[in-house]
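>>> no FASTA, just this:
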Ligand SMILES: *Cc1c(COP(=O)(O)O)cnc(C)c1O
């Protein structure tokens, strides 16, 4: 049996590799604490679970959903976008459910790229921004995120050839893995660039609700002209502790949404109606308080981790968003993979090497805050003991 050439072009999925190493170590009896994967440890909020229980008990949700999505879900997304971001969306043409942001990101590549085309992707970045174009038979072009520029790409540095061939640009603020938030004016520059080069912008807003210190992340669509050139992904996975449910929405440019819908009618049969109703319940104003309480937990964990890293001599900036701490590796290690291997071997703590998110992530590591407090305290203690 031989896998397709497309599949062979993809490096092994980073987290599968990490899980394998951790499992092998645990099999030898070592108590490994994993700070690798970003998957909220806390349960989905009670009102969301209750709404889902009611919805699952209703036989009306048991049949094929529509790929356009239920009215209740689309109206809830529209009301949320108006209330939270000041963005008015047309429920019929500017909102569609996705089976998680990951599905949508991948399928956007299939919907918009031909061989020879390019997708511009943040480097380091969420792995699907680069695997998606490859699986679609096209090419990713990395846009380096450097600390000197606040982890935003230098649009002027994108070469002419990549500009000409580019059809998509993937952006994500608050940013995984760097934790950076978008500076004023950047989205406006992106819109000008997209117009000039006829590129569809896909802003992945997976962490808009997961922010700290009073920071409120904006929607890309709140920027003038954004809807002419772009769409935004809103995922309930991280902010609402719903990674397992697969619930997201693609919003914005109506033509892009129609094209995505056309592709999806050939690929899947929509998002389970009960999950859509649970998602609608999650976006009700009463749930805001639960999101805020969850963020207070992450903020405390963030401070714990950053204090411990500083004590170990690591130069770390506490993030204002996301569930990640991104920090440079100690100078005596040649690569992030080498450092992470060392930490796993000597401290039995699993962290992610930055290079796995793209070449510009080399020299950094990522710690996820989605571990229960007592285990996180223990992990941080082990890191402190290990030192730089
Ligand atoms: C976790 C994550 C996602 C995944 O979202 P799902 O809705 O669970 O598929 C998407 N984008 C980024 C940047 C993420 O970190």
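Looks like it arrived, so ask away. If you're wondering where the values come from, they're calculated on a predicted model, not measured in any experiment.
>>> Let's test this: what are the backbone torsions at residue 134?
Residue 134 adopts backbone torsions of phi -60, psi -40, taken as degrees, to the nearest 10.
>>> so who does it touch?
6, 9-10, 140 (Cβ atoms under 8 Å, 6 or more residues apart in numbering). C-beta: built from backbone N, CA, C; applies to glycine.
>>> and these, which are buried?
Among the contacts of residue 134, those classed as buried by neighbour count (16 or more other Cβ atoms under 10 Å) are residue 140.
>>> Of the contacts of residue 134, just say which sits nearest to the ligand.
Distance to the ligand across those (Cβ to the nearest ligand atom) is lowest for residue 140, with 14.9 Å.
>>> you'd agree that closest one is in a strand?
Yes: with DSSP: H, G, I helix; E, B strand; the rest coil as the criterion, residue 140 is assigned to a strand.
>>> right, and it touches residue 133 too?
Yes: in this structure residue 140 lies within contact range of residue 133 using Cβ atoms under 8 Å: 4.4 Å.
>>> hang on, the earlier thing: secondary structure and distance to the ligand added to the contacts of residue 134, as a markdown table?
Shown next, in a markdown table, are those (DSSP: H, G, I helix; E, B strand; the rest coil; distance: Cβ to the nearest ligand atom, whole Å):
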| residue | secondary structure | distance to the ligand |
| --- | --- | --- |
| 6 | helix | 21 |
| 9 | coil | 21 |
| 10 | coil | 17 |
| 140 | strand | 15 |
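>>> Is it possible to get JSON lines of the contacts of residue 134 that adds pLDDT?
Listed next are the contacts of residue 134 as JSON lines, based on pLDDT from 0 to 100:
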{"residue": "6", "pLDDT": "91"}
{"residue": "9", "pLDDT": "88"}
{"residue": "10", "pLDDT": "88"}
{"residue": "140", "pLDDT": "97"}
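>>> Near the ligand, which residues of the protein are found?
38, 100-102, 126, 172, 176, 204, 206, 235, 237-238, 243, 248 (Cβ under 6 Å from any ligand atom).
>>> Tell me the one of the contacts of residue 134 nearest residue 363?
Distance to residue 363, by Cβ to Cβ, is smallest for residue 140 among the contacts of residue 134, at 20.7 Å.
>>> Need the single longest helix in the protein, by residues.
Secondary structure of the chain per DSSP state H: the longest helix is helix 288-311.
>>> domains in the protein, as residue ranges please.
Listed by automatic domain parsing, the domain ranges of the chain are 5-43+288-386, 46-285.
>>> Wait, residue 310 touches residue 318, no?
No: judged on Cβ under 8 Å, residue 310 makes no contact with residue 318 at a distance of 9.6 Å.
>>> For burial, what's the neighbour tally of residue 263?
For residue 263, the count of nearby residues is 16 (other Cβ atoms under 10 Å).
>>> Please read the previous query as pertaining to residue 341.
14.
>>> With residue 118 instead?
22.
>>> Got the phi and psi for it?
In terms of degrees, to the nearest 10, the main-chain angles of residue 118 are phi -130, psi 140.
>>> distance of it from residue 176?
According to Cβ to Cβ, to the nearest Å, residue 118 and residue 176 sit 22 Å apart.
>>> Same check on residue 365?
In terms of Cβ to Cβ, residue 365 sits 14 Å off from residue 176.
>>> Residue 91 too?
In terms of Cβ to Cβ, residue 91 sits 29 Å off from residue 176.
>>> more neighbours, the two?
residue 176 (26 against 15).
>>> so the more buried one sits right up against residue 235, yeah?
No: applying Cβ under 8 Å, one finds residue 176 not in contact with residue 235, separated by 11.2 Å.
>>> Kindly point out which residues are neighbours of both of the two.
Common neighbours of residue 176 and residue 235 (criterion: Cβ under 8 Å, 6+ apart): residue 206.
>>> before we move on, the earlier item: residue 310 and residue 318 - which one has more neighbours?
Of the pair residue 310 and residue 318, residue 318 is the one with more neighbours under other Cβ under 10 Å, namely 16 against 13.
>>> Which element, helix or strand, includes the residue nearest to residue 245 when sequence neighbours are not counted?
Using Cβ to Cβ, 6 or more residues apart in numbering and skipping residues adjacent in sequence, the residue nearest residue 245 is residue 275, 5.4 Å away. Here residue 275, judged by DSSP states H and E, is contained in helix 273-282.
>>> So what's the residue count around residue 208?
24.
>>> now swap in residue 66 and tell me
Residue 66: 16 neighbours (other Cβ under 10 Å).
>>> Please give me every residue in contact with residue 275.
Contacts of residue 275 by Cβ under 8 Å, 6+ apart are 52, 245-247.
>>> same deal with residue 230?
Taking Cβ under 8 Å, 6+ apart as the test, what residue 230 contacts is 190-191, 194, 200-203, 220-221, 252-253, 256.
>>> how about a cut-off of 7 Å?
Taking Cβ atoms under 7 Å, 6 or more residues apart in numbering, we find residue 230 in contact with 194, 200-203, 220, 252-253.
>>> now the contacts of residue 134 in a markdown table, with distance to residue 293?
Below are these laid out as a markdown table (distance: Cβ to Cβ, whole Å):
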| residue | distance to residue 293 |
| --- | --- |
| 6 | 44 |
| 9 | 43 |
| 10 | 39 |
| 140 | 38 |
